[in-house]
Structure formats: structure tokens, C-alpha cells
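Participant: Got a predicted model here, sequence first, then my questions.
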Amino acid sequence: MAVVKSVSIEGFEVHMYPKDHLPHHFHLISAEMNLRIFYRISLREKAIHYNIKRLKNWRKKEPPLDSNQKREILKEIRDKRSILEEEWTKWHR
């Protein structure tokens with residue numbers, strides 16, 4: 001697992017796993033959750049696409065990300081797209 005320090009999302013660490021599966025994604029990890037954020041799909045669709053890998057103490061009626069967090073993540077993906085692509089290439093050779 002590699003921390004992507006050049007991408008910053010408040011309350012989370014951003015990780016990529018070497019030789020991980022497609023589609024292109026990164027993991028947002030906090031004490032409560034591990035989410036896969038599909039950044040290329042999110043950019044194309046202009047909305048955050050993700051799935052839940054693990055959540056602690058989560059009620060299924062509540063979304064794991066609120067609208068402010070989704071906006072922040074999408075902005076960071078747009079701003080750091082080239083960095084995400086470089087990191088993906090580095091870890092998936």
C-alpha cells in the first residue's frame with residue numbers, strides 16, 4: 001500500500017495498492033471507512049463514483065460521504081488528475 005501524499009482530502013488518507021485491479025481508483029481511508037473512489041469514472045460523469053470496502057459503525061440509511069465531502073473529492077480529483085495518473089502508472093507497472 002502506498003500513501004499518495006500529494007492528494008489531500010480532509011479527514012482521510014489517500015492510498016493506492018500496487019498491482020490493484022481496474023477500473024482506475026484510489027482508496028480513501030479513515031478510522032471508520034475504506035472507500036474505493038473511481039477517479040476516471042468520476043471525472044467523466046462529473047459525480048463521485050465509489051464503492052464501500054469497509055465501514056465501522058455505519059447505518060446503511062446514511063450515506064458514507066456527505067455532499068460537501070463529495071464536492072471536495074471531485075475538486076481534488078480534477079485538480080490532481082495528472083498526479084493520480086502518474087501514481088497509478090507507478091504502482092501498476
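Facilitator: Yep, it's here.
Participant: by contact count, what packs against whichever strand or helix holds K53?
Facilitator: Per DSSP states H and E: K53 is located in strand 50-55. Secondary structure elements in contact with strand 50-55, counted by 3 or more Cβ pairs under 8 Å, 6 or more residues apart in numbering; DSSP states H and E, are strand 33-37. Where C-beta positions appear, they are placed from N, C-alpha and C, glycine not excepted.
Participant: so what's the spatially most central residue of the chain up against?
Facilitator: By Cα atoms, centre = their mean, the chain has its centre lying nearest to I37, at 3.4 Å. If you count contacts by Cβ atoms under 8 Å, 6 or more residues apart in numbering, I37 has them with H25, F26, H27, L28, I48, H49, Y50, I73, I77.
Participant: quick revisit: for the strand holding K53, buried residues please.
Facilitator: Neighbour-count burial for strand 50-55, counted by 16 or more other Cβ atoms under 10 Å, picks out Y50.
Participant: and the direction of the one helix or strand S82 maps to versus that of strand 33-37, what angle?
Facilitator: Following DSSP H and E, one finds S82 within helix 81-91. For helix 81-91 against strand 33-37, the angle by axes from the mean of the first three to the mean of the last three Cα atoms, to 10 degrees is 100 degrees.
Participant: partner strands of the helix or strand of the chain with the lowest mean pLDDT, parallel or antiparallel?
Facilitator: In the chain, the helix or strand scored least confidently by mean pLDDT, DSSP states H and E is strand 50-55, which has a mean of 85. Paired strands of strand 50-55, with direction, are strand 33-37 (antiparallel) (DSSP bridges).
Participant: on that earlier part again, for the helix holding S82, packing partners?
Facilitator: Counting by 3+ Cβ pairs under 8 Å, 6+ apart, helix 81-91 packs on strand 13-16, helix 39-45.
Participant: Quick check: mean pLDDT of that helix?
Facilitator: Averaged across helix 81-91, the pLDDT comes to 94.
Participant: in it, what's buried?
Facilitator: Neighbour count says helix 81-91 has L84, E87, W88, W91 buried, by 16+ other Cβ under 10 Å.
Participant: and it, C-alpha only, in PDB?
Facilitator: Extracted C-alpha coordinates of helix 81-91, given in PDB (Å, rounded to 0.1, in the frame of the first residue of the first chain):
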ATOM      1  CA  ARG A  81      -5.700  14.300 -12.200                       C
ATOM      2  CA  SER A  82      -2.200  14.200 -13.600                       C
ATOM      3  CA  ILE A  83      -0.700  13.200 -10.200                       C
ATOM      4  CA  LEU A  84      -3.300  10.400  -9.800                       C
ATOM      5  CA  GLU A  85      -2.400   9.100 -13.300                       C
ATOM      6  CA  GLU A  86       1.300   9.200 -12.500                       C
ATOM      7  CA  GLU A  87       0.700   7.400  -9.200                       C
ATOM      8  CA  TRP A  88      -1.500   4.800 -10.900                       C
ATOM      9  CA  THR A  89       1.200   4.200 -13.600                       C
ATOM     10  CA  LYS A  90       4.000   4.000 -11.000                       C
ATOM     11  CA  TRP A  91       2.100   1.400  -8.900                       C
END
